[in-house]
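Participant: Generate a structure from the sequence data that follows.
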Amino acid sequence: MDASLDIRTGVKETMPTVFGYIGIALAFGIVGKAAGLSPLIVLLMSMFIYSGTAQFVVVSMFISHSPLLSIVLSTLLISSRMILISVTVAPYFKNDSLWKNILLGTFLTDESFALGMNKLNFTNHTLSFQWLNTANVISFLTWCFWSFVGAIMGNFVGNPEALGLDFAIVGMFIGLLYMQVIADRSLNRKLQLIVIAFTLFLTYIGFIFIPSSLLILVVTLIGCGFGVVIKRAYF
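Facilitator: So this is what the prediction gives:
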């Protein structure tokens, strides 16, 4: 990464994350096809729901014939973490127009958010609409295209986990986390490692006691609070 915030740089810096999208999008397409959805329906879900976890949940609820209201509320709850993400990103675009902010918020993902937070370490804590919108558009198009391909492949692949596709998104986030730690010199390295370890521990415990639909939101809130407290107290 460098300090440039133009479209060309956005394309270059977003491309490494594309492989993570491809793996999980293929997996969703295959799962959707196995559930009886046509490739067109799978594509429309990726275009209009555009939330990996939520889409898997929607498919499972569809199979179990859950009420429409339950599906809608579950999708809303799972995606509620995007409120926190959007609030974090919004201050960097306060000088941009409302429609630009709406566009960025509509297509913002966990991955483009993480990429943006890494970018701040190289740009004196500034972001541009051109750069982040490029990251968002590439992410959106990649997700939609490869989920559609996965649905077509569903006739030939019965179990996507056997190919390791379910680990692709995890691997991508591990890489982004590593980049964040080595690039961010504004925070004490020990503080970063403590917060990471605490978050991993909290996630492990959360899987036992917290519903999966709430886990990310709860861990994010507690982890951020923990980081703020120990930073002020010890760093």
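Participant: rest of the way, CA atoms for contacts and neighbours
Facilitator: Fine.
Participant: burial count for residue 41?
Facilitator: Neighbour count for residue 41, taken as other C-alpha atoms under 10 Å: 16.
Participant: Can you name the residues that contact it?
Facilitator: Applying C-alpha atoms under 8 Å, 6 or more residues apart in numbering, we find residue 41 in contact with no residue.
Participant: element containing it, please.
Facilitator: Here residue 41 sits within helix 39-48, counting by DSSP states H and E.
Participant: Tell me which residue is most central in the protein.
Facilitator: In the chain, the centroid-proximal residue (C-alpha atoms, centre = their mean) is residue 110; its distance is 2.4 Å.
Participant: how near is it to residue 231?
Facilitator: Distance, residue 110 to residue 231, using C-alpha to C-alpha, to the nearest Å: 24 Å.
Participant: With residue 92 instead?
Facilitator: Remark: distance between residue 92 and residue 231 (C-alpha to C-alpha) = 23 Å.
Participant: ok, then the element right after the helix or strand residue 181 falls within?
Facilitator: Taking DSSP H and E as the definition, residue 181 sits inside helix 168-183. Using DSSP H and E, the helix or strand that follows helix 168-183 in sequence is helix 189-209.
Participant: for this protein, what are the low-confidence residue spans?
Facilitator: 157-173, 175-176, 179-180, 182-186, 213 (pLDDT under 70).
Participant: Only the buried residues of the lengthiest helix in the chain, if you could.
Facilitator: In the chain, taking DSSP state H as the definition, the longest helix is helix 7-34. In terms of neighbour count (16 or more other C-alpha atoms under 10 Å), helix 7-34 has its buried residues at 7, 9-11, 13-14, 17-18, 20-34.
Participant: now swap in stretch 93-107 and tell me
Facilitator: Neighbour-count burial for stretch 93-107 [16+ other C-alpha under 10 Å]: 93, 101, 104, 105, 107.
Participant: So which of the residues you listed sit within helices?
Facilitator: Per DSSP H, those map to helices at 101, 104, 105, 107.
Participant: for the helix holding residue 41, which positions count as buried?
Facilitator: Buried positions in helix 39-48, judged by neighbour count with 16+ other C-alpha under 10 Å: 39, 41, 42, 43, 45, 46, 47.
Participant: Please apply the same query to stretch 45-60.
Facilitator: So for stretch 45-60, counting by 16+ other C-alpha under 10 Å, buried means 45-47, 50-52, 54-60.
Participant: What of stretch 216-227?
Facilitator: For stretch 216-227, the neighbour count (16+ other C-alpha under 10 Å) marks 216, 217, 218, 219, 220, 223, 227 as buried.
Participant: Out of those, which sit inside helices?
Facilitator: Filtering these for helices - DSSP H - leaves 216, 217, 218, 219, 220, 223, 227.
Participant: so which of those residues comes closest to residue 123?
Facilitator: Lowest distance from residue 123 to those (C-alpha to C-alpha) belongs to residue 227, with 23.4 Å.
Participant: how far away is the closest one from residue 189?
Facilitator: Per C-alpha to C-alpha, residue 227 is found 13 Å from residue 189.
Participant: Check the contact lists of the two and give me the overlap.
Facilitator: With C-alpha under 8 Å, 6+ apart, residue 227 and residue 189 have no common neighbours.
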